[in-house]
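Q: Coordinates for the following, if possible.
(one chain, ligands or ions: 2)
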Amino acid sequence: MQALTHQSIAVNRKPMTFWERLYLINIIKGMMITFSHMFKKQPTIRYPEQKREFSPVFRGLHVLNRDEEGREKCTACGLCAVACPAEAITMEAAERMEGEENLYKEEKYAAKYEINMLRCIFCGLCEEACPKDAIYLSETFAPANYTRKGFIYDKNDLLIPNPITSAAAYEQAKGVQA
Ligand code: SF4
Ligand code: SF4
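A: Ligands and ions are numbered 1, 2, ... in the order given. Sure thing, here's the model as predicted:
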């Protein structure tokens, strides 16, 4: 038969010896390898009890930012969505009404803001594109979920708690800005 490559190896078709047919030596060898691993440092991390230390440039879950007065910073300009190579961001803009100045920093805000985490590649381009410092990628990662829908994060999932009314929750959610 004609060989397809020049790298083919001839198969050894010699009949097995008595010891080879017993497989005993190979079983002992395998057991020794297993046993030797019992004394090695475990590479696995018992998450969630243990947590891995991330690199300082790690980019995780997005956070929609508020200013020091607790107002949403996002002005729904859409630059993050345009910059996103995975087309993971969708939003709907709305006009700020009179009396809502304490809720939204700019005259326009995102009435709807969604990120599809199954599409996101955590590149951070949305953060770089944002002129309002309204979005950043924190060191938290997206938790596991059982459904596809569960990976579409809406504004409620992304918006950081209000630093005035929920200071403790704000500090916890803020994390370290990557
Ligand atoms: S991190 Fe990258 S892929 Fe994810 S939403 Fe932002 S721009 Fe899109
Ligand atoms: S997060 Fe930033 S870039 Fe994206 S819509 Fe809001 S203000 Fe614009």
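Q: burial of the closest residue in space to residue 105 that isn't next to it in sequence, as a residue count?
A: Among residues not flanking residue 105 along the chain, residue 71 sits closest, at 4.3 Å (C-beta to C-beta, 6 or more residues apart in numbering). In this view, the C-beta of every residue, glycine as well, is placed from N, C-alpha and C. Neighbourhood size, residue 71 [other C-beta atoms under 10 Å]: 18.
Q: How about residue 97?
A: Residue 97 has 9 neighbouring residues, counting by other C-beta under 10 Å.
Q: What parts of this protein come near ligand 1?
A: The chain has residues 83-86, 88-89, 115, 120-126 near ligand 1, with proximity defined as C-beta under 6 Å from any ligand atom.
Q: just the buried members of the residues you listed?
A: Those of these that meet the buried threshold are 83, 84, 88, 89, 115, 120, 122, 124, 125, 126, by 16 or more other C-beta atoms under 10 Å.
Q: In the protein, where's the longest strand?
A: Assignment by DSSP state E gives strand 108-116 as the longest strand of the chain.
Q: So which bits of the protein are right by ligand 2?
A: Residues of the chain lying near ligand 2 by C-beta under 6 Å from any ligand atom: 74-80, 91, 110, 129-130, 132, 134-135.
Q: and these, which two are the farthest apart?
A: 110 and 129 (14.5 Å; C-beta to C-beta).
Q: The two: which is more packed in?
A: residue 110 (24 against 16).
Q: show me where pLDDT drops low in the protein?
A: 1-4, 175-178 (pLDDT under 70).
Q: ok so, going back, take the residues of the chain next to ligand 2 and keep only those in strands.
A: Within those, residues falling in strands by DSSP E are 91, 110, 135.
Q: Tell me if I'm right that the last one and residue 62 touch.
A: Yes: because the distance of 5.8 Å satisfies C-beta atoms under 8 Å, residue 135 is recorded as touching residue 62.
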